[in-house]
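Participant: Below are the sequence and a predicted model for it; my questions follow.
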Number of protein chains: 2
Amino acid sequence: MDIPRITSRKNPLIRAAAQLLSSPGERESRREFLCEGARLCEDAARSGVEIRVCFFTQSAREKYPRYLAPVLERAQEAFLIEDHVAALLSDTRSPQGVFCVCKWLPALGEGVIGFAPARPCLVLENLQDPGNLGTILRTAEALGVYKVFLSGGCDPMSPKVLRASMGAVFRLGLVREPSVGRLCGLLKEHGYALHAAVPDSGAKDVTEIDFTKGVHGVLIGNEGGGLTEEACRLCDDKVTIPMGGRAESLNAAAAATILLWELRRGAAEG
Amino acid sequence: MDIPRITSRKNPLIRAAAQLLSSPGERESRREFLCEGARLCEDAARSGVEIRVCFFTQSAREKYPRYLAPVLERAQEAFLIEDHVAALLSDTRSPQGVFCVCKWLPALGEGVIGFAPARPCLVLENLQDPGNLGTILRTAEALGVYKVFLSGGCDPMSPKVLRASMGAVFRLGLVREPSVGRLCGLLKEHGYALHAAVPDSGAKDVTEIDFTKGVHGVLIGNEGGGLTEEACRLCDDKVTIPMGGRAESLNAAAAATILLWELRRGAAEG
């Protein structure tokens, strides 16, 4: 296969891709994101994500032919790049040398809620830490494809989120809805019982909620500030994870893991 | 208070402290570790950890007087250091300028198992990722002070583990026992039922185990390779977390969170 080469860091395609790496605003306005890594780019390709451009190094071509094949099959354009050019696109210490410029997932940002069939869902509001957000998405997928809604300022297309999610971002059918009010309103219209997760020992113990009946949604808020007042007010109740130790709280990903697990246990038994 | 100053990066106390930051072998052979951060050093002081030396910058003195006070009260020596000296001791991008050289926790490395009363326990074997290890320790503490055993190559005193654990390392009563065989033998002598956590759909579903009766221990292995064969053989059974999605597996911290939660639910109900 004869692939065109890019040898300059000033190449306009490279500069445009590098902007996607560093700028959330650029991702948002162009509705594109940059995906890095042999495995993650393959995940994107196999999940049906639209791949506009693939960049890869000669050593990646030799090292990762199996991962690259499905990516190159779907990529609209592909370029061989030199290592010093790859460094400009990388967010990691040891770049594998495989990058894709992808189109945003269709479900994202459209504000559309589709539910069929009704299943337990998770609403994440203003999560800031990309490692937490990615881990929660990975866990949600591993525990069985919940519907996940992102509200407020969550940015699922940042390089760290993509990486920590192990590609779950591509497969979960994420829905983004900036307004938590609109989102909760729609969920309630669809019969969801909504639970606000709070680190407050006065709230209901999560083990006391009967997740086996009805259809449930759990809301998790920002790592530092928790859920907004609006989100709490729109929920049917507040739930918490009882803690016995001296630690102040679980981290956001650990709390989300337990809540997802309880939701899943209920749905499996219900 | 008149505090001696250190202005040179070549000061022998600073060089010795910097070695503790970077070298696991140095921590092991000197039986000391370096703790960084106002809050974490305060945690160490309040938890009764022996503080041999405290180093702090002038700006830390102004910014964190409440955290520093209990640390300085317990520290055997204290020095004001300049910012460029502090940079040598820091593992973070924005150092707070507070550091302690601490003596290893007495429970660690002694190979002693003390159980009174018998409670659910967690055995971590060869965990490599410090973020995972720290998060698991934090979760274990938050969910109610399990006995946590570290087997094989876990290094709980690395700067990243200390940070991710939010000080749980100081409070958990960790026990380190390099030999998983010796550890499992002792646990079984004390009546523990031992469960090997594996990502294997043929293993027992964790929800099918009755944690309300008897006393249970769960073993979790290395992120990449899982538990050693020896550890699996010494356990009574293999347990797994049923997964419904397309993801290959939960990450080690998420899996540990669910297992700890199930152990805790059982112990609370039992």
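Facilitator: Thanks, I have it.

Participant: tell me the pLDDT at A:L124?
Facilitator: Here the pLDDT value assigned to A:L124 is 93.

Participant: What are the phi and psi values at it?
Facilitator: phi -110, psi 120 (degrees, to the nearest 10).

Participant: Is the spatially closest residue to A:N11 that is not a sequence neighbour within a helix or a strand, and which one?
Facilitator: Of all residues not flanking A:N11 in the chain, A:V85 sits nearest, at 7.4 Å (C-beta to C-beta, 6 or more residues apart in numbering or on different chains). Any C-beta I mention is one placed from the backbone N, CA and C, and that applies to glycine too. Assigned by DSSP states H and E, A:V85 falls within helix A:83-89.

Participant: and that helix, how far from the chain's centre?
Facilitator: How far helix A:83-89 lies from its chain's middle: 25 Å, per C-alpha atoms, centre = their mean, to the nearest Å.

Participant: Quick one: list the elements packing against it.
Facilitator: helix A:12-22, strand A:51-56 (3 or more C-beta pairs under 8 Å, 6 or more residues apart in numbering or on different chains; DSSP states H and E).

Participant: mind listing the strands for the stretch 101-250 of chain A?
Facilitator: Taking DSSP state E, counting those that start in this stretch, the strands of the stretch 101-250 of chain A run over residues A:121-125, A:147-151, A:175-177, A:192-197, A:204-205, A:215-220, A:237-240.

Participant: Let me know the secondary structure of the closest residue to A:A87 other than its chain neighbours.
Facilitator: Spatial nearest neighbour of A:A87, chain neighbours left out: A:P95 (6.6 Å); criterion: C-beta to C-beta, 6+ apart. Secondary structure for A:P95, judged by DSSP: H, G, I helix; E, B strand; the rest coil, is coil.

Participant: Any figure for the gap between A:P95 and chain B?
Facilitator: 20 Å (C-beta to the nearest C-beta, to the nearest Å).

Participant: I'd assumed A:H84 was in contact with that residue.
Facilitator: No - A:P95 is not in contact with A:H84 according to C-beta atoms under 8 Å; the separation is 10.9 Å.

Participant: ok, these two, which is more surrounded?
Facilitator: A:P95 (19 against 11; other C-beta atoms under 10 Å in any protein chain shown).

Participant: Model confidence score at the more buried one, please.
Facilitator: 93.

Participant: if we can go back for a sec, ok, and what's touching the helix holding A:V85?
Facilitator: Helix A:83-89 is contacted by residues A:6-9, A:11, A:14, A:17-18, A:21, A:34, A:36, A:55, A:57, A:59, A:81, A:95, A:97, A:99 when judged by C-beta atoms under 8 Å, 6 or more residues apart in numbering or on different chains.

Participant: Dump the strands of the stretch 101-250 of chain A into CSV; add distance to chain B as well.
Facilitator: Converted to CSV, the strands of the stretch 101-250 of chain A look like this (distance: least, C-beta to the nearest C-beta, whole Å):
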stretch, distance to chain B
strand A:121-125, 13
strand A:147-151, 11
strand A:175-177, 17
strand A:192-197, 14
strand A:204-205, 10
strand A:215-220, 14
strand A:237-240, 12
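
Participant: closest one to A:E77 among the ones you listed?
Facilitator: Nearest to A:E77, of all the strands of the stretch 101-250 of chain A, is strand A:175-177, at 27.3 Å by C-beta to C-beta.
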